[in-house]
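Chemist: From the sequence below, what's the structure:
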Amino acid sequence: MKLDKKKELAAKTLEVGKNRIIFEKSRLEEIKEAITRQDIRDLVAGGAIKIKLMKGRKKKERKKSRSAGNIRKKVNKRKQIYVKLTRKLRGYTRELKEQGRINQEIYAILRRRIKAKMFRDKRHIQEYIKTIGAR
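Modeler: Numbering: from 1, shown residues only. Predicted coordinates for the structure are as follows:
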């Protein structure tokens with residue numbers, strides 16, 4: 001007696017794999033007569049159809065933890081502040097060098113100190129340049 005179609009119907013109804021469906025041998029005639037999903041549900045409630053437990057890890061649980069799509073990480077605020085300040089100060093020192101107000105040596109020193117975050121803002125670097133006595 002072939003009950004492959006009944007097994008497929010039970011698997012779809014109960015949302016499990018076909019391999020997990022077990023028919024009770026003594027109640028095969030009842031199972032053979034079941035044609036609707038509700039009949040299958042009644043047989044499961046009555047104990048004629050049983051579902052095997054899963055072996056190993058459950059895929060659904062594993063998939064829950066993963067997140068979908070491209071996740072963009074927010075850039076650290078401190079880094080943004082550093083980048084803005086550095087660009088501003090480097091531009092300012094470049095201007096001074098092009099105008100001839102500072103020489104190459106002082107320019108190199110200022111670049112290193114900008115990189116080391118010695119200056120708070122543009123006014124601070126201006127005061128520093130006055131103290132070292134650039135032209």
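
Chemist: For the longest helix along the chain, name the packing helices and strands.
Modeler: When the chain is parsed with DSSP state H, its longest helix is helix 77-99. Secondary-structure packing of helix 77-99 (3 or more CB pairs under 8 Å, 6 or more residues apart in numbering; DSSP states H and E): helix 104-115, helix 122-132. For glycine as for every other residue, the C-beta is placed from the backbone atoms N, C-alpha and C.

Chemist: Can you lay out those as a markdown table showing distance to residue 47?
Modeler: Conversion of the helices and strands packed on helix 77-99 to a markdown table gives the following (distance: least, CB to CB, whole Å):
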| stretch | distance to residue 47 |
| --- | --- |
| helix 104-115 | 77 |
| helix 122-132 | 83 |
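
Chemist: May I see those helices organised as a markdown table, with mean pLDDT, distance to residue 96 and mean neighbour count added?
Modeler: Below are these laid out as a markdown table (pLDDT from 0 to 100; distance: least, CB to CB, whole Å; neighbours: other CB atoms under 10 Å):
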| stretch | mean pLDDT | distance to residue 96 | mean neighbour count |
| --- | --- | --- | --- |
| helix 104-115 | 95 | 8 | 15 |
| helix 122-132 | 93 | 7 | 12 |
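
Chemist: nearest to residue 28, of these?
Modeler: Smallest distance to residue 28 across the helices and strands packed on helix 77-99 (CB to CB): 81.9 Å, for helix 104-115.

Chemist: returning to what we had before: and the longest helix of the chain with helix 122-132, angle?
Modeler: Here helix 77-99 runs at an angle of 50 degrees relative to helix 122-132 (axes from the mean of the first three to the mean of the last three CA atoms, to 10 degrees).

Chemist: how about the CA coordinates for helix 77-99, as CSV?
Modeler: Extracted as CSV, the C-alpha positions of helix 77-99 are listed here (Å, rounded to 0.1, in the frame of the first residue of the first chain):
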residue,chain,number,x,y,z
LYS,A,77,32.4,61.0,16.1
ARG,A,78,35.9,61.6,17.5
LYS,A,79,37.4,60.5,14.2
GLN,A,80,35.1,62.9,12.3
ILE,A,81,36.2,65.8,14.5
TYR,A,82,39.8,64.9,14.1
VAL,A,83,39.5,64.7,10.3
LYS,A,84,37.8,68.1,10.1
LEU,A,85,40.3,69.8,12.3
THR,A,86,43.3,68.2,10.6
ARG,A,87,42.1,69.2,7.2
LYS,A,88,41.4,72.8,8.3
LEU,A,89,44.8,73.2,10.0
ARG,A,90,46.8,71.5,7.1
GLY,A,91,45.1,73.9,4.6
TYR,A,92,45.9,76.9,6.8
THR,A,93,49.6,75.9,7.1
ARG,A,94,49.8,75.2,3.3
GLU,A,95,48.4,78.7,2.7
LEU,A,96,51.0,80.3,5.0
LYS,A,97,53.8,78.4,3.2
GLU,A,98,52.6,79.5,-0.2
GLN,A,99,52.4,83.1,1.0
